[in-house]
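A.B. asks: Predicted model and sequence below, questions to follow.
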Amino acid sequence: MKKNEHWNTDQIRQYNRSLVLKMIYKEGPVSKAEISKKSELTFATIGNITSELLEIKAIRESGYGKSNGGRRPVLYEFNWDNYYVIALDIGVTQISAALVNFKGNIYKQYNTNMADFSMNINLIERVYGVVDQLISQTDLSLSKIVGIGVSAPGPIDEDDGKILTPPNLQGVKNVSIKELLEQRYHLTTILEKDANAAALAEQWFGSVHSKENILYIFADQGIGGGIIIDSRIFRGFKNGAGEIGHMSIDIDGPRCNCGNFGCLESLASGIALVKRVKQEIHRGAKSSLSDLYLNHEESLTLETIVEHCKKGDLLAESIIDEMGRYLGIGVTNAINFFAPTMVIFGGQMIELNPETIQVTEEIAKDRGFSTYSNDIKFIKSSFGKQSSLMGAASIIQQKIFDYPENTLI
């Protein structure tokens, strides 16, 4: 965030503190002289700010740097274990909550499957149960928790903190999760779409550099996309940007849970994979999955299909390969429109079958509009199945570090 020339003295002071704190977070261990050089703040100003940050234990001394002829300078680093967030990931099949420090390390985690709940229990009661369990299992001082980050399937209303009508979360409509969680736990709560959150995790905890423009493909039970431009999520009108899962790929394709036909999600998601295998078995296709499905329908899951694919089941192989090619077409379209520096793939589909990235890359480079597509990096998420959970943690950090009024002091 750039300094505003119309700010008053208190606002400038707050901005400077936020700038110094973020620099120590990003670049520490670092000396006051290095901070002064890079921030263009005076050495005296840096000294006052670091003293304040040391007093509240936001930072700590971390040894000494090299001498340039005088005394060796004191180095400062962020006090990672003094601040935690509750990361809450609401998925189609599971709700996860974790206590995560500002370095991205998970201190404690609790998961529960959606199937464990009666259909009569609404979403917010399920969320309360998971968060309550997490808090009850930790001996961490609650004063160290600075907020709750929530990752959920879109569409969402980010401004009001509402989960609107996610196609794959049946019965969920206009849940004011921000307001409800803040009332119950008295912690600042921020809601973000799962793919956006996962993209932020790569920027805060992964290997993404701040100047890279990112297209994040979240291939899970559904398919979502996150776009980061100049270190900021690109949201579009009413947070609608990045919904790659609902671009039309096949004019005569199957009906999607969103109500449209031929969406990428209806052709290449985890839900679509299970549905397609069931259909082929009913049509009489030979597969090692047939007996499993016919004897116990619920046992046919994304995991079992990928497992049988790796063991050589031809039906599973052919459908997974076809879905990878559909995903490749969808990613190619997104690349032609957005031209990112990097495409990052995450979610359960990718974690179980990372070969999908190679298929997608080959199609994108073969069908991409311009030669620049050959220079785009295609990589797997740093966080595997935890990508959107880690994203939920990163939401709070971005709010604190990128907006001066939210500094920790």
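C.D. replies: Looks like it arrived, so ask away. Numbers count the residues shown, from 1 in each chain.

A.B. asks: Now Val74: closest residue in space, sequence neighbours ignored.
C.D. replies: Excluding the flanking residues, the one nearest Val74 by C-beta to C-beta, 6 or more residues apart in numbering is Glu61, at 5.6 Å. For every residue, glycine as well, the C-beta is placed using N, CA and C.

A.B. asks: What residues are bridge-paired with that neighbour?
C.D. replies: Tyr76 (DSSP bridges).

A.B. asks: could you list every residue that touches it?
C.D. replies: By C-beta atoms under 8 Å, 6 or more residues apart in numbering, the contact set of Glu61 is 54, 74-76.

A.B. asks: which ones are touching Ala285?
C.D. replies: Leu315 are the contacts of Ala285 under C-beta under 8 Å, 6+ apart.

A.B. asks: And the helices in the stretch 301-409 of the chain?
C.D. replies: 302-310, 314-338, 348-352, 355-367, 387-402 (DSSP state H, counting those that start in this stretch).

A.B. asks: So which elements touch the third one?
C.D. replies: Which is helix 348-352. Other helices and strands packing on helix 348-352, by 3 or more C-beta pairs under 8 Å, 6 or more residues apart in numbering; DSSP states H and E, are strand 214-219, helix 270-282, helix 302-310, helix 355-367.

A.B. asks: Swap in 10 Å and give it another go.
C.D. replies: Helices and strands touching helix 348-352, as assessed by 3 or more C-beta pairs under 10 Å, 6 or more residues apart in numbering; DSSP states H and E, comprise strand 214-219, helix 270-282, helix 302-310, helix 314-338, helix 355-367, helix 387-402.

A.B. asks: in which helix or strand would I find the residue nearest to Tyr110 when sequence neighbours are not counted?
C.D. replies: When the adjacent residues along the chain are set aside, Tyr110 lies closest to Leu134, with 4.4 Å between them (C-beta to C-beta, 6+ apart). Using DSSP states H and E, Leu134 sits within helix 123-136.

A.B. asks: And for the spatially closest residue to Ile135 that is not a sequence neighbour, the neighbour number?
C.D. replies: Nearest non-adjacent residue to Ile135, counting by C-beta to C-beta, 6+ apart: Leu142, 7.3 Å away. Neighbours of Leu142 under the rule other C-beta atoms under 10 Å: 11.

A.B. asks: buried residues in stretch 349-364?
C.D. replies: Buried residues in stretch 349-364, counted by 16 or more other C-beta atoms under 10 Å: 349-353, 356-357, 359-361, 363-364.

A.B. asks: Spit out the contact partners of Ser113.
C.D. replies: One correction, residue 113 is Asn, not Ser. 91, 93-95 (C-beta atoms under 10 Å, 6 or more residues apart in numbering).

A.B. asks: buried subset of those?
C.D. replies: 91, 94-95.

A.B. asks: Ala97 against Ser136, yeah?
C.D. replies: No. Ala97 lies out of contact with Ser136 (C-beta atoms under 10 Å); the separation is 11.3 Å.

A.B. asks: Need the residues touching each of those two.
C.D. replies: Tyr110.

A.B. asks: Give me the more crowded residue out of those two.
C.D. replies: For Ala97 versus Ser136, the count of surrounding residues by other C-beta under 10 Å is larger for Ala97: 26 against 8.

A.B. asks: you'd agree the more buried one is in a strand?
C.D. replies: Yes. When DSSP: H, G, I helix; E, B strand; the rest coil is applied, Ala97 is found to be in a strand.

A.B. asks: related to what we said a few turns ago, now, the most widely separated pair of the contacts of Asn113?
C.D. replies: Using C-beta to C-beta, these reach their maximum pairwise distance at Thr93 and Ile95, which is 9.1 Å.

A.B. asks: can you list residues touching both of the two?
C.D. replies: 113-114.

A.B. asks: all helices of the stretch 1-150 of the chain, in order?
C.D. replies: 9-27, 32-39, 43-55, 123-136.

A.B. asks: Just tell me which of those ends up closest to Ile214.
C.D. replies: Of the helices of the stretch 1-150 of the chain, nearest to Ile214 by C-beta to C-beta is helix 9-27, at 17.5 Å.

A.B. asks: mean confidence score for that closest one?
C.D. replies: Helix 9-27 shows a mean pLDDT of 85.

A.B. asks: Could you pull out the buried residues of that helix?
C.D. replies: Buried, per 16+ other C-beta under 10 Å, within helix 9-27: 14-25.

A.B. asks: Helix 32-39 and that one, what's the angle between them?
C.D. replies: For helix 9-27 against helix 32-39, the angle by axes from the mean of the first three to the mean of the last three C-alpha atoms, to 10 degrees is 110 degrees.

A.B. asks: counting contacts, what elements does helix 9-27 pack onto?
C.D. replies: Helix 9-27 sits against strand 30-31, helix 32-39, helix 43-55, strand 59-64, strand 74-78, helix 387-402, with contacts defined as 3+ C-beta pairs under 10 Å, 6+ apart.

A.B. asks: just how off-centre is it within its chain?
C.D. replies: Relative to the centre of its chain, helix 9-27 is centred 25 Å away, using C-alpha atoms, centre = their mean, to the nearest Å.

A.B. asks: the inter-axis angle of it versus helix 387-402?
C.D. replies: For helix 9-27 against helix 387-402, the angle by the same axes, to 10 degrees is 140 degrees.

A.B. asks: for the protein, where's the lowest mean pLDDT among helices and strands?
C.D. replies: helix 290-295 (a mean of 82; mean pLDDT, DSSP states H and E).

A.B. asks: packing partners for that one?
C.D. replies: Checking 3+ C-beta pairs under 10 Å, 6+ apart, helix 290-295 ends up next to helix 270-282, helix 302-310.

A.B. asks: before we move on, back to that, any chance of the buried residues of stretch 349-364 in TSV, with distance to Phe234 and pLDDT too?
C.D. replies: Formatted as TSV, the buried residues of stretch 349-364 follow (distance: C-beta to C-beta, whole Å; pLDDT from 0 to 100):
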residue	distance to Phe234	pLDDT
Met349	23	90
Ile350	22	92
Glu351	25	91
Leu352	29	92
Asn353	28	92
Thr356	24	92
Ile357	23	94
Val359	26	93
Thr360	21	92
Glu361	23	92
Ile363	24	92
Ala364	20	89
